[in-house]
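S.K.: Model the structure of this input:
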Amino acid sequence: MDAENLNSRRRVIRIYVATVAGTVLWLAAIIAAPYLRSRGFGGAGFFYACFAPVCHQIPSRSLFFWGFPLAVCARCFGIYLGFAAGLFLYPFLRGFSSVRLPSLKTFVLVSFPIVLDFAGNLLRLWSTPDIPRLFTGFLWGMILPFYFLAGLFAFTPRRDSCASRPR
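M.R.: Numbers count the residues shown, from 1 in each chain. The predicted structure follows:
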């Protein structure tokens with residue numbers, strides 16, 4: 001493996017590890033909100049407030065842990081769990097030698113259930129219970145790391161040393 005490919009591989013691994021760490025913290029914060037509220041910790045509201053900009057947090061559409069809703073709805077929680085599952089699968093499906101986007105066909109196929117469910121709920125054709133919302137979110141979330149990591153890889157600067165560049 002030449003130096004450029006080795007550096008690229010290391011960069012992909014660094015980005016991957018940072019993304020895994022961020023995802024674990026994100027999921028922990030979602031679950032910490034109801035846990036802390038159930039223990040009477042006044043700072044639990046901070047966790048709910050952190051997720052308010054990214055989720056409607058409607059209790060009737062949320063899963064309850066320890067008698068309180070998660071900091072996000074069931075669909076959002078499914079997306080984040082799916083994202084974590086996709087991160088787990090990433091090294092087995094893509095490895096770290098290169099970053100490639102999934103095909104458009106794959107994206108459309110995986111996106112179809114969540115789009116259909118969202119549209120049906122938006123148009124008030126049906127009201128999906130929490131578990132199917134969780135499932136469609138999980139399915140869609142599984143493909144997102146493949147785009148997220150590719151985007152981070154494309155927009156993070158390479159560490160080229162001046163000494164290794166030809167003059």
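S.K.: low-confidence ranges in this structure?
M.R.: 1, 158-167 (pLDDT under 70).
S.K.: show me where this structure has strands.
M.R.: Applying DSSP state E to the chain gives strands spanning 64-65, 68-69.
S.K.: can you count the residues close to A29?
M.R.: 16 (other CB atoms under 10 Å). For the C-beta atoms, the positions are set from N, CA and C on the backbone; glycine is no exception.
S.K.: And for T23?
M.R.: 19.
S.K.: Likewise for I114?
M.R.: When neighbours are defined as other CB under 10 Å, I114 has 21 of them.
S.K.: Contact partners for it?
M.R.: R75, T136, G137, L139, W140 (CB atoms under 8 Å, 6 or more residues apart in numbering).
S.K.: just to revisit the earlier point, could you dump the strands of the chain to JSON lines with distance to F51 and mean neighbour count?
M.R.: Converted to JSON lines, those look like this (distance: least, CB to CB, whole Å; neighbours: other CB atoms under 10 Å):
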{"stretch": "strand 64-65", "distance to F51": "14", "mean neighbour count": "14"}
{"stretch": "strand 68-69", "distance to F51": "11", "mean neighbour count": "18"}
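S.K.: Mind putting these into CSV with distance to T23?
M.R.: Converted to CSV, those look like this (distance: least, CB to CB, whole Å):
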stretch, distance to T23
strand 64-65, 19
strand 68-69, 21
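S.K.: Off-centre distance for stretch 53-62?
M.R.: Taking the mean of its C-alpha atoms, stretch 53-62 sits 17 Å from the chain's own mean (CA atoms, centre = their mean, to the nearest Å).
S.K.: will you turn the contacts of I114 into TSV that also has neighbour count and distance to D130?
M.R.: Compiled in TSV, the contacts of I114 are given as follows (neighbours: other CB atoms under 10 Å; distance: CB to CB, whole Å):
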residue	neighbour count	distance to D130
R75	27	9
T136	25	11
G137	26	10
L139	19	15
W140	24	16
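S.K.: Next, check those residues against the helices and list the overlap.
M.R.: Counting by DSSP state H, the part of the contacts of I114 found in helices is R75, T136, G137, L139, W140.
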